[in-house]
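**Q** got a predicted model here, sequence first, then my questions.
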Amino acid sequence: MQPKTRIDKLVGSHALALSERLQAHRAQLFPPDARRELRKFTSGEVADLLGVKDAYLRKLDLDGKGPSPETRAGGRRYYSPQDIQALRQLLEKGTKSPGTYLPGRRDGDHLQVITVINFKGGSGKTTTAAHLAQKLALDGYRVLAIDLDPQASLSALHGVQPEFDLSDGGTIYDAIRYEDPVSLRNIIQKTYFTNLDLIPGNLELMEFEHDTPRAILERSGKLFFTRIGDALAEVESDYDVVVIDCPPQLGFLTMSALSAATAILVTVHPQMLDVMSMCQFLLMTSNLLGVVAEAGADMDYDWLRYVVTRYEPGDGPQNQMVSFMRSMFGEHVLNHTVLKSTAISDAGITKQTLYEVEKSAFTRSTYERAIESLNAVNGEIEGLIQSAWGRKGES
């Protein structure tokens, strides 16, 4: 008879071995003394981002206006993310339509807080949140990404390995805990993306789930569902958009994020089991939000949208499921979908997004199909942000 294994010891040894291997993998990809940097963008990519012709960028350079690109083999011109922001500022000064090149908030516009949720893993929630935050930053918005998931995948995508880099705290838990909370400004990290800051996550976030029932019983301090919103109020003027990647469960963290939100994005993998799971998730969300609303939370949102992720257009049952969702929810389903793509999953192996990797790493058609689908989805969300600020149809 084999001796029994203590499961806590076994799982712990597996976690330790995996953690060490992941740390070695990271050191191989990004040596400890190397600072992670975003690649430079071709003049064609920059022209697309700015909505101008490549020839116009060349003329600006020849006229000595704006940043000078790096010239590589074949005369190809490359701009850094800082160069792109400098070009935006230059072009904005000369435009007749304010916000054409710097599309963020103006006086009177409220901070957009987009909470990305799904109850079932594998829906592409973190990938969707990461690509949205990065594309908004590339488009000239000041963005804060918050990793609210203890599994911290969003943090890992931005070069933060929780068990090594956050051993002394540094998550939003520090700012929303019930005893001795710190200033949110103290935990915000700059990323290698111009315009994008990050509040990383780790297992410490689970403490909020454990602390809150006691705080409710003791009626100590402010209500749990106001804590993320109150923390964000401190830095509200620094950002145009906040993107929150929620944990895949309806706990106190998610409820607080939903209370802080001005908009909700629900990721959906278009398969029957996933949609059935989402149905239960929506029922629970509705019931819990109703309780929170009765306790005084503001439940008014600018918009709620379902985004179909990991979509395979040639899959008949998936097409049926997408049609079913559109017939049920109408305009609440985004018109565009995030395609399932080896380009997105391959980029993830090196803890990168499709906006970070060199497109030469993929076959041209694979990369272009994937990036077009991401840009279409993110462009649709950007339109919703602009509409919430009362600027529908501008520029």
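**A** Looks like it arrived, so ask away.
**Q** where do the helices sit along the stretch 1-150 of the chain?
**A** Along the stretch 1-150 of the chain, counting by DSSP state H, counting those that start in this stretch, helices occupy 7-29, 43-50, 54-62, 81-94, 125-138.
**Q** quick one: mean pLDDT over the first one.
**A** Along helix 7-29, the predicted confidence averages to a pLDDT of 67.
**Q** ok, stretch 49-67 next?
**A** Averaging pLDDT along stretch 49-67 yields 92.
**Q** what of stretch 298-316?
**A** Here stretch 298-316 scores 87 as its mean pLDDT.
**Q** same question, stretch 160-172
**A** For stretch 160-172, the per-residue pLDDT averages 76.
**Q** next one: stretch 271-288
**A** Mean predicted confidence for stretch 271-288 is 77.
**Q** what's the most buried one of the helices of the stretch 1-150 of the chain?
**A** Most buried of these, by mean neighbour count (mean count of other C-beta atoms under 10 Å): helix 125-138, with a mean of 26. (Glycine included, C-beta is placed from N, CA and C.)
**Q** name the SS class of residue 354, please.
**A** Here residue 354 is recorded as coil under DSSP: H, G, I helix; E, B strand; the rest coil.
**Q** wait, isn't it in contact with residue 344?
**A** Yes - with contact defined as C-beta atoms under 8 Å, residue 354 and residue 344 form a contacting pair (5.7 Å).
**Q** who touches both of those two?
**A** Common contacts of residue 354 and residue 344 (C-beta atoms under 8 Å, 6 or more residues apart in numbering): 370, 374.
**Q** just the strands in the protein please.
**A** Secondary structure of the chain (DSSP state E): strands at 41-42, 70-71, 77-79, 112-117, 143-147, 189-190, 196-199, 241-245, 263-268, 303-308.
**Q** let me have these in a markdown table, extended by mean neighbour count and distance to residue 366.
**A** Formatted as a markdown table, those follow (neighbours: other C-beta atoms under 10 Å; distance: least, C-beta to C-beta, whole Å):
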| stretch | mean neighbour count | distance to residue 366 |
| --- | --- | --- |
| strand 41-42 | 19 | 18 |
| strand 70-71 | 12 | 27 |
| strand 77-79 | 20 | 22 |
| strand 112-117 | 26 | 25 |
| strand 143-147 | 28 | 26 |
| strand 189-190 | 12 | 32 |
| strand 196-199 | 24 | 26 |
| strand 241-245 | 28 | 26 |
| strand 263-268 | 23 | 22 |
| strand 303-308 | 20 | 20 |
